[in-house]
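[1] I'll drop the sequence and a predicted model, then ask my questions.
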Amino acid sequence: MSAVNKFTTPSTKKLRREKTTLSNHSDSEKDSVHVYCRIRPLADSSDSSNYLKVLAPDTLALTTPDVKAIRKEIHYKFKHIFTSYSSQSEVFTHIAYPLLQDLLNGKNGLLFSYGVTGSGKTYTLNGDQNDPGIMPRCIDTIFNSLGDYQAPKYVIKSDKMNGFEIQSDDDAYYDTLHAVKNSAKPLVRKTNGEKKSYYNDGTIITNINENSLFSVFISYVEIYNNNVYDLLDESSEKSLQNKILREDCRKNMYVNGVVEIEVKSAEEAFELFNVGQTRKKMASTNLNEGSSRSHSIFNIRVVQLEQGAINTNGQPMIPTENNIKVGQLSLVDLAGSERTNRTNNTGVRLKEASSINNSLMSLRTCLEILRENQINKNNRLVPYRDSRLTFLFKRYFEGDGTIKMIVCINPSVNDFEENLQVLKFAEMTQDVKITKAEVNRYTPLKKTIIKNKENQTPHRLLKTALTPFTLLPEVPFVKLNIDNIDECRSAIEKVVKVLKFRKSKGKNIDKEIEEKQQELRKKLVNMDQQCILNNAELKSLKVLIHKEKQKSQNLQVKMNDLEVANQDIQMKNEELEDVIRSLKNTINEKDLKLNQHVLDRQRTKQQLALANEKMTHELDQKLRRQRDHLNAAMKAKDDKLKMVRGILDSETPPAEMNCIELNMDLPNIKSMGSQVTQTSKNVANACRRNVKPAARSRRSKSAGEVWLEHNVIKPCPLNTVMQPTMKKRKSVSRLDKASDITNPKQSKYCLVAQEPDTDGEIETKLYKADILPTCGGGAQVIFNDVEKLTQESPTKT
Ligand SMILES: Nc1ncnc2c1ncn2[C@@H]1O[C@H](COP(=O)(O)OP(=O)(O)OP(=O)(O)O)[C@@H](O)[C@H]1O
């Protein structure tokens, strides 16, 4: 039993999907893409997946796996759903038969199969010999229907520009001979002589125009890695040439220089199909043994030549534009979408897969934009040119012809995710409404040869027989009525009259015939001569035509090359434009960053300037405060010095003021020296002015005191027994370094000055001070005593 029919919904949450209403459905000018769904049987009987269920002939339910114990059921609507039990014939009747009716009526149709790899796309289109798919059934149905209504071969001929021309009998005959000559290399050879025929169920289309002649043309191309290859191209034996796509005068897209062959029977068509199949890119992948690696397009074109009317003289009218109709049916077997993580493809297969997925993506994008344009009433450009696949079928999406899609589904559990995507795409595709384009189905003719006569079937028309003629009047048929003698007599008289006339005429008949014969012979000789001349002319013309053909072929090849090169350049150009665009973006971004940077810098500069100003202001204030402080300190020192000077000047300074505070910090050491010198001078001056020292006894100091004896001048030796008491002393003549004072061993300072007094006696003065260390590492010298030693001569009076 198929998985499709085993569906159960225990805890299913039903979702109603609101369809977007795109436009008024009654709008007869619009036709949606017809989407059908076909579910293939499960390949693996152990696969018990049951996520798909056909609810109605047009409704499919897909159940998603449990998410938080909730299963969702999504419904998809299609034109029709074919289950795994549906036969190939059912699929053909539903989908392809209406397209064939259109085809034989000169209308276009596009049918493509879409789905995951291995979902049955190729099977649906081609099938096998016993159970043929859509393509063989189409071919059989066409030839079953055309029967005698086929035009003689080569009368209708492709003009190599997607159009057709009508040839004269002679040209058609010449082409037939040419074809017979070249039949030494039949296409069948390429299929190893294996002739495939398909089961023909005799389907027929009844309502074809019996006043027309038909010709069927086949072409078969594939799109592989976004290049178009002609699968029937005999000219390139080794590798197929990449073909370019062109637009004809009616804006239909076609493959330039494609080989399009006229076929007169289904067998001939199958032969061509089989030749193409042997060349088609197929490969075995993890998911499908015979996987199509390209999108293949089998084109059937039916050209219909309608019989022209007969003019007043009974001559057939020259066929005009309105006498030829061309219908095209494209059967597209799309390569399957595939995920690389499932196929594990590498190298060439991986490149193929990415190209397949890209072109399918382009198809999706085009359809999405078409739909978006319809919903939003936009006119966004549909990027048909993004891929060869969409570019080739551009005209269909623009409204010329019916588009049908068969979505193939493999209900295997492994395909769940991809099927979900496929169904989403199918649903979206159904919403696309194609506005029918105004198309003139008739093609202009180039040459005409058809000979018509009323009341004859087209086939017989071309084989018109000559009407026999007679030189003598016919003997009338008379019926003798024995009951009416008069009537009999008049009838006999009539016959006798005719016989007499025949007799009189008959005498000259031999002569007349001879004359006619001679006349005819003359005419024949003239004609023969004319014919010989014509033949010669024809030969030279044929040579000329052959040369011209070769020239035009060469030109065509060159043109192809140039167009390919042009396309390459255009692609490169587009790529370069992309690069330029991205570079411009980068430059813009960098410019923005640069501007931002400059702004930041300016901001930082401003901030720095502000900070600088603030700091300068603060420093100024600090400096001013320090200067004030120093000034105050200086003033205090000056005051103290003044006080010392006052003390010295007033002979008996108060004990507590009898000191000079000297800052012995390193920067002040030099000035201290000069201060001390100045002090000694002041002291000396004071002494000189007979200033009496404080009445203090010379104290003997404790043995621990170390004196720094500073001899500003070298004293004269006095040789007296009275010596100042400085048990431990260090004598220096100059104070150069701070350490001379700050030496922690020294605690006393004595400045020694000696000079002659007013009486010529030598006077020695000792200015004594305490050395007190300061917290800054310096020392303070506080003068607190002056000793004066006067040396008097005993002989002095
Ligand atoms: N409806 C069906 N009935 C029976 N067999 C089927 C059916 N559909 C597909 N198959 C089988 O499944 C296999 C894969 O099918 P097919 O080659 O048509 O897949 P595909 O979609 O064309 O894959 P790819 O995209 O890789 O070319 C074939 O062996 C085919 O015979």
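    Here it is on my side, so go on. Numbering: from 1, shown residues only.
[2] can you check the pLDDT for the residue in the stretch 601-750 of the chain positioned nearest to the ligand?
    Of all residues in the stretch 601-750 of the chain, Arg601 sits closest to the ligand, at 61.3 Å by Cβ to the nearest ligand atom. C-beta here means a position set from N, CA and C on the backbone, and glycine is covered the same way. Arg601 carries a pLDDT value of 94.
[3] likewise for Ile223?
    If you check Ile223, the pLDDT there is 91.
[4] do the same with Arg388
    91.
[5] and it, how many residues sit next to it?
    Neighbours of Arg388 under the rule other Cβ atoms under 10 Å: 25.
[6] let me see the contact set for it.
    Ile223, Asn226, Asn227, Val228, Leu245, Ser359 (Cβ atoms under 8 Å, 6 or more residues apart in numbering).
[7] how near is the last one to Lys243?
    For Ser359, the distance to Lys243 (Cβ to Cβ, to the nearest Å) stands at 16 Å.
[8] SS state for Ile569?
    Going by DSSP: H, G, I helix; E, B strand; the rest coil, the secondary structure assigned to Ile569 is helix.
[9] what's the spacing between it and the ligand?
    34 Å (Cβ to the nearest ligand atom, to the nearest Å).
[10] run through the helices of the stretch 351-500 of the chain in chain order.
    Along the stretch 351-500 of the chain, the stretches classed as helices by DSSP state H, counting those that start in this stretch are 388-392, 394-397, 416-430, 458-461, 485-649.
[11] ok, now the stretch 1-150 of the chain?
    With DSSP H, counting those that start in this stretch as the criterion, the stretch 1-150 of the chain has helices at 88-91, 97-103, 121-125, 134-146.
[12] can you redo these as JSON lines with mean neighbour count, distance to the ligand and mean pLDDT?
    Below are the helices of the stretch 1-150 of the chain laid out as JSON lines (neighbours: other Cβ atoms under 10 Å; distance: least, Cβ to the nearest ligand atom, whole Å; pLDDT from 0 to 100):
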{"stretch": "helix 88-91", "mean neighbour count": "18", "distance to the ligand": "8", "mean pLDDT": "94"}
{"stretch": "helix 97-103", "mean neighbour count": "20", "distance to the ligand": "19", "mean pLDDT": "94"}
{"stretch": "helix 121-125", "mean neighbour count": "25", "distance to the ligand": "3", "mean pLDDT": "94"}
{"stretch": "helix 134-146", "mean neighbour count": "23", "distance to the ligand": "12", "mean pLDDT": "94"}
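[13] those residues of the chain touching the ligand, which are they?
    Contact residues, the chain versus the ligand (Cβ under 6 Å from any ligand atom): 40-41, 115, 117-123, 288, 290-292, 335-336, 408.
[14] okay, now Lys107: neighbour count?
    20.
[15] ok, now how distant is it from Asn378?
    Going from Lys107 to Asn378 by Cβ to Cβ gives 29 Å.
[16] then Lys157?
    Taken as Cβ to Cβ, the span from Lys157 to Asn378 is 44 Å.
[17] and for Lys522?
    Taking Cβ to Cβ, one finds Lys522 at 78 Å from Asn378.
[18] with Arg293 instead?
    From Arg293 over to Asn378 (counting by Cβ to Cβ), the distance is 36 Å.
[19] could you do Val54 as well?
    Computed as Cβ to Cβ, the Val54 to Asn378 distance reads 36 Å.
[20] one more: Pro152?
    For Pro152 relative to Asn378 (Cβ to Cβ), the value is 51 Å.
[21] the two: which has the busier surroundings?
    For Pro152 versus Asn378, neighbours defined as other Cβ under 10 Å are more numerous around Pro152 (18 against 10).
[22] for the stretch 151-300 of the chain, what are the low-confidence residue spans?
    Within the stretch 151-300 of the chain, the segments meeting pLDDT under 70 span 181-196, 236-238, 282-290.
[23] show me where it has its helices.
    Listed from the start of the chain, the stretch 151-300 of the chain has helices (DSSP H, counting those that start in this stretch) covering 169-181, 266-279.
[24] would you mind finding the most buried of the ones you listed?
    Comparing the helices of the stretch 151-300 of the chain by mean neighbour count (mean count of other Cβ atoms under 10 Å), helix 266-279 ranks first with a mean of 20.
[25] so how far is that one off the chain centroid?
    37 Å (Cα atoms, centre = their mean, to the nearest Å).
[26] what of stretch 402-421?
    Using Cα atoms, centre = their mean, the offset of stretch 402-421 from its chain centre is 25 Å.
[27] report the buried residues of that stretch.
    Residues 402-412, 415-416, 418-419 are the ones in stretch 402-421 that count as buried (16 or more other Cβ atoms under 10 Å).
[28] ditto for stretch 418-431
    For stretch 418-431, a neighbour-count test (16+ other Cβ under 10 Å) marks Glu418, Asn419, Val422, Leu423, Phe425, Ala426, Glu427, Met428, Thr429, Gln430, Asp431 as buried.
[29] quick one: the fourth one and Cys408 touch, right?
    Think Leu423. No - look at Leu423 against Cys408 with Cβ atoms under 8 Å: they stay out of range, at 11.3 Å.
[30] what's the burial count for the spatially closest residue to Ser337 that is not a sequence neighbour?
    Nearest residue to Ser337, sequence neighbours excluded (Cβ to Cβ, 6 or more residues apart in numbering): Leu360, at 5.4 Å. Using other Cβ under 10 Å, Leu360 has 21 other residues around it.
[31] who's in contact with Leu360?
    Contacts of Leu360 by Cβ under 8 Å, 6+ apart are Tyr114, Leu334, Ala335, Ser337.
[32] so the first one bridges to which residues?
    Residues found in beta-bridge contact with Tyr114 (criterion: DSSP bridges) are Val407.
[33] number the chain from 32, please
    Let's use 32 as the start, then, which means that last one is Tyr145.
[34] measure how buried it is and give me the count.
    23.
[35] what do you get for the second one?
    The burial count assigned to Leu365 is 25, neighbours taken as other Cβ under 10 Å.
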